[in-house]
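**Q** give me a model of this one.
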Amino acid sequence: MNKRTCTALATVVAATFALGATGCSGGKKSADGAKNPVAAHEGAVIGGTPQKGGTLTVLSNQDFTHLDPARNWVMSDMDFGTRLLYRTLVTYKAEPGAKGGQLAPDLATDLGTPSNDARTWTFHLKQGVTYEDGSPVTAQDVKYNVERSFSPDLPGGADYAARYLAGAEGYRGPAEGKHLDSVKTPDDRTIVFELRKSFAEFPYATVMPTFAPVPQARDKGPQYDNRPFSSGPYKIDSYDRNKKLVLVRNDKWDPKTDEVRKAYPDKLVVLMGLKANQIDDRMIASQGADASTVPWYALRPESAAKVLPDAKVRERLLAESQNCTDMVQMHTGRAPFDDVKVRRAVQYALDRDAVLTASGGPAFNDPSTAYMPATLFGGKQPDTLKVPAAGDVEKAKQLLKEAGKPDGFSTKLTVSSGDKGRAEAIQQSLAKAGIKVTIETVDPSAFYATIGDTKNRTDMVYTGWCPDYPSGSTFLPFVFDGRFIKDKGNSGNHSLFRDEATMKRMDEIAAMTDTEQAAQAWQQLDGEILAKAPTVPVLVRRWPLVLGTNIAGAYGHTSFGGQLDYATVGLKDPSKSQG
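**A** Down below sits the predicted model:
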């Protein structure tokens with residue numbers, strides 16, 4: 001799935017992290033043998049068990065990309081939407097560490113029943129699941145949201161339905177009364193999906209917001225983004241875009257039907273448009289009402305010097321790996337990036353060490369030598385190309401000369417405004433090889449819409465991808481399969497890579513019934529695509545969050561990129577909260 005690139009950046013001196021390591025125990029060791037101070041709470045819960053009640057406040061420097069479940073495919077937004085506002089057929093367990101990657105039934109009674117060689121999947125809905133007005137959630141409502149996810153005016157959402165449902169080619173949603181024959185609802189509590197090919201991992205796909213219910217009578221097209229109709233433990237009380245979102249309890253939610261969500265706070269208030277540095281300072285100080293507050297986005301690298309040396313603040317620090325790969329993606333359909341030698345020149349010119357330093361250094365990041373994250377390689381990424389982490393400028397210049405560009409060339413790079421520091425590190429390293437980069441920054445809330453406009457975007461973008469679940473099938477096809485590129489709302493494949501041999505191999509791997517064989521094949525294909533250089537893998541980040549002193553039940557969820565699991569977080573003492 002898409003990952004939001006959001007933290008503001010600056011060069012951070014190594015001394016910051018040396019100070020932070022003093023007196024810290026339990027952290028993982030880095031490559032040089034030093035303990036990583038930010039890994040101390042990995043897989044752990046901070047604050048003990050919450051008490052029911054009070055107001056949890058969330059501080060954010062920007063709005064959500066989407067809350068409409070047909071469009072919600074950004075890591076943190078998915079966490080927020082599916083844990084608080086709407087339920088999906090299947091969800092992830094509310095557990096820290098590796099257990100957070102395990103599935104649990106949600107709307108459905110179980111994880112689905114396959115038949116017809118896993119080309120048919122049947123789910124039965126639980127009894128007693130209702131919306132915020134008390135009306136029952138039906139199988140037809142789930143079918144309707146799956147169908148509306150195909151609508152051209154609702155771009156940006158997960159496209160598992162488009163990739164796997166039989167007869168989905170050319171379908172454009174239910175607006176004109178057209179429906180998918182491959183999604184059947186024989187009764188109100190049964191939904192059957194007919195797939196165009198075997199897909200043993202289909203239950204993982206039904207974790208996506210695409211498989212949340214939307215009653216047709218409540219659908220307002222693009223405006224539904226402002227007020228999704230709740231099937232979860234909270235409902236929207238008010239939403240002033242870019243300013244404030246208030247959630248209150250949905251008293252029609254029945255916890256007896258929900259084994260995942262705990263719904264501890266009475267209210268959640270998201271304050272938006274704040275300055276990132278002010279959020280960091282407020283969270284570190286944790287004074288007054290801020291003691292009952294959490295940050296939406298990751299701690300800025302510049303703030304590390306205020307956190308890591310202070311043992312009391314470190315006790316409130318979460319920093320799970322995002323399990324996502326940041327990449328520089330090049331438009332392979334346009335000159336000069338239609339030439340593999342030019343793309344390989346970028347691979348060699350890029351100084352990943354400099355970008356890592358601009359991202360907060362080795363305490364907050366790991367350099368990436370492959371596309372898929374280490375979890376999909378059994379714990380360690382391979383280094384098939386052996387490109388030095390600091391780059392090889394002379395090799396880059398040689399490749400440019402072979403491509404007929406001995407003097408280099410000029411290009412533009414689009415980044416989220418929070419990634420400007422990373423972009424500047426990229427700009428400086430490519431300049432050494434004669435590649436002159438102009439940086440274009442975009443507000444994060446509009447970032448994916450901007451780079452998803454394939455006709456009007458720049459030739460380079462900096463973004464990332466996260467596996468939706470532990471399988472290469474959720475990474476490489478979404479980033480490199482050219483058959484699903486869209487003119488608008490394009491997602492994942494921002495290099496616009498269309499390579500017949502790669503797509504043929506993807507189909508062959510997808511047809512494998514031996515999961516171990518398939519995993520090895522995805523790993524091999526990763527290196528083969530890397531040699532064709534449609535994108536350059538840069539780094540894998542952690543998601544550092546400093547929490548208020550009154551916060552309890554908090555952990556970074558591994559399946560949501562290290563973001564706080566909103567299914568379980570609450571307050572130690574609700575009476576101390578405000579709002």
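**Q** pLDDT score assigned to the closest residue to Ser303 other than its chain neighbours?
**A** In space, and not counting its chain neighbours, Ser303 is closest to Asp280: 4.0 Å by Cβ to Cβ, 6 or more residues apart in numbering. All C-beta spots, glycine's among them, are computed from the backbone N, C-alpha and C. Per-residue pLDDT puts Asp280 at 97.
**Q** after the host helix or strand of Asp280, next one along is what?
**A** Assigned by DSSP states H and E, Asp280 belongs to helix 276-285. Using DSSP H and E, the helix or strand that follows helix 276-285 towards the C-terminus is strand 293-295.
**Q** show me what the helix or strand just after that next one is packed against.
**A** With elements assigned by DSSP H and E, the helix or strand that comes after strand 293-295 is helix 304-307. On a contact count with 3 or more Cβ pairs under 8 Å, 6 or more residues apart in numbering; DSSP states H and E, helix 304-307 meets helix 14-21, helix 276-285, helix 311-314, strand 535-546.
**Q** how far away is the one residue sitting closest to the centre of the chain from Arg196?
**A** Nearest to the mean C-alpha position of the chain, counting by Cα atoms, centre = their mean, stands Met75 at 2.8 Å. In this view, Met75 and Arg196 are 28 Å apart by Cβ to Cβ, to the nearest Å.
**Q** mind listing what's buried in the lengthiest helix in the chain?
**A** When the chain is parsed with DSSP state H, its longest helix is helix 515-532. Across helix 515-532, burial judged by 16 or more other Cβ atoms under 10 Å covers Ala518, Ala519, Ala521, Trp522, Gln523, Leu525, Asp526, Ile529, Leu530, Lys532.
**Q** likewise stretch 308-319?
**A** Buried residues in stretch 308-319, counting neighbours by 16+ other Cβ under 10 Å, are found at Leu308, Pro309, Val313, Arg314, Arg316, Leu317, Leu318, Ala319.
**Q** just stretch 225-243 next, same as before
**A** So, applying 16+ other Cβ under 10 Å, buried residues of stretch 225-243: Asp225, Pro228, Phe229, Ser230, Ser231, Gly232, Pro233, Tyr234, Lys235, Ile236, Tyr239.
**Q** so how far is it off the chain centroid?
**A** Averaging C-alpha positions (Cα atoms, centre = their mean, to the nearest Å) puts stretch 225-243 21 Å from its chain's average.
**Q** just the C-alphas of it, formatted as CSV.
**A** Extracted as CSV, the C-alpha positions of stretch 225-243 are listed here (Å, rounded to 0.1, in the frame of the first residue of the first chain):
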residue,chain,number,x,y,z
ASP,A,225,-14.9,11.2,2.1
ASN,A,226,-16.1,13.9,4.5
ARG,A,227,-18.6,11.7,6.4
PRO,A,228,-18.2,7.9,6.1
PHE,A,229,-21.2,6.2,7.7
SER,A,230,-19.9,4.3,10.7
SER,A,231,-20.0,0.6,11.3
GLY,A,232,-17.2,0.9,13.9
PRO,A,233,-17.0,2.0,17.5
TYR,A,234,-16.9,5.7,16.7
LYS,A,235,-18.8,8.0,14.4
ILE,A,236,-18.0,11.5,13.0
ASP,A,237,-19.4,14.3,15.1
SER,A,238,-17.7,17.0,13.0
TYR,A,239,-15.1,17.3,10.4
ASP,A,240,-13.6,20.7,9.4
ARG,A,241,-11.1,19.7,6.6
ASN,A,242,-7.5,20.6,7.4
LYS,A,243,-8.5,21.9,10.9
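**Q** what mean pLDDT does it get?
**A** pLDDT averaged over stretch 225-243 gives 98.
**Q** excluding residues flanking it in the chain, which one is nearest His66?
**A** In space, His66 is closest to Asn72, 4.8 Å off (Cβ to Cβ, 6+ apart).
**Q** three-state assignment of the one you found?
**A** Following DSSP: H, G, I helix; E, B strand; the rest coil, we place Asn72 in the coil state.
**Q** look up how far Ala212 lies from it.
**A** In terms of Cβ to Cβ, Asn72 sits 9 Å off from Ala212.
**Q** shared neighbours, the two?
**A** Common contacts of Asn72 and Ala212, defined by Cβ atoms under 8 Å, 6 or more residues apart in numbering, comprise Gly81.
**Q** buried residues, the helix holding Asp280. List them.
**A** Buried residues in helix 276-285, defined by neighbour count with 16+ other Cβ under 10 Å: Ala276, Ile279, Asp280, Arg282, Met283, Ile284.
**Q** extract the C-alpha trace of that helix and format it as PDB.
**A** Output in PDB follows, covering the C-alpha atoms of helix 276-285 (Å, rounded to 0.1, in the frame of the first residue of the first chain):
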ATOM      1  CA  ALA A 276       5.600  19.700  13.000                       C
ATOM      2  CA  ASN A 277       8.300  21.200  15.200                       C
ATOM      3  CA  GLN A 278       5.600  22.500  17.700                       C
ATOM      4  CA  ILE A 279       4.000  19.000  17.800                       C
ATOM      5  CA  ASP A 280       7.300  17.400  18.700                       C
ATOM      6  CA  ASP A 281       8.000  20.000  21.400                       C
ATOM      7  CA  ARG A 282       4.500  19.600  22.900                       C
ATOM      8  CA  MET A 283       4.800  15.800  22.900                       C
ATOM      9  CA  ILE A 284       8.300  15.900  24.500                       C
ATOM     10  CA  ALA A 285       7.100  18.300  27.300                       C
END
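**Q** what is the burial count for Val246?
**A** 17 (other Cβ atoms under 10 Å).
**Q** that one: what secondary structure?
**A** Val246 - assigned by three-state DSSP - is strand.
**Q** against Ala431, how distant is it?
**A** Separation of Val246 from Ala431 (Cβ to Cβ): 47 Å.
**Q** same thing with Met506?
**A** Taking Cβ to Cβ as the measure, Met506 falls 35 Å from Ala431.
**Q** would you mind telling me which of the two has more residues around it?
**A** Met506 (22 against 14).
**Q** can you say which helix or strand has the residue nearest to that one when sequence neighbours are not counted in it?
**A** Nearest non-adjacent residue to Met506, counting by Cβ to Cβ, 6+ apart: Pro477, 5.2 Å away. Secondary structure assignment for Pro477, by DSSP H and E: helix 476-480.
**Q** count of neighbours near the closest residue in space to Ser417 that isn't next to it in sequence?
**A** Nearest residue to Ser417, sequence neighbours excluded (Cβ to Cβ, 6+ apart): Thr441, at 4.4 Å. Neighbour count for Thr441, taken as other Cβ under 10 Å: 15.
**Q** hang on, Thr441 in a strand?
**A** Yes - counting by three-state DSSP, Thr441 is part of a strand.
**Q** identify the residues contacting it.
**A** Thr441 makes contact with Thr414, Val415, Ser416, Ser417, Asp419, Lys420, Ala423, according to Cβ under 8 Å, 6+ apart.
**Q** quickly list what it is bridged to.
**A** Legend: beta-bridge partners of Thr441 under DSSP bridges are Val415.
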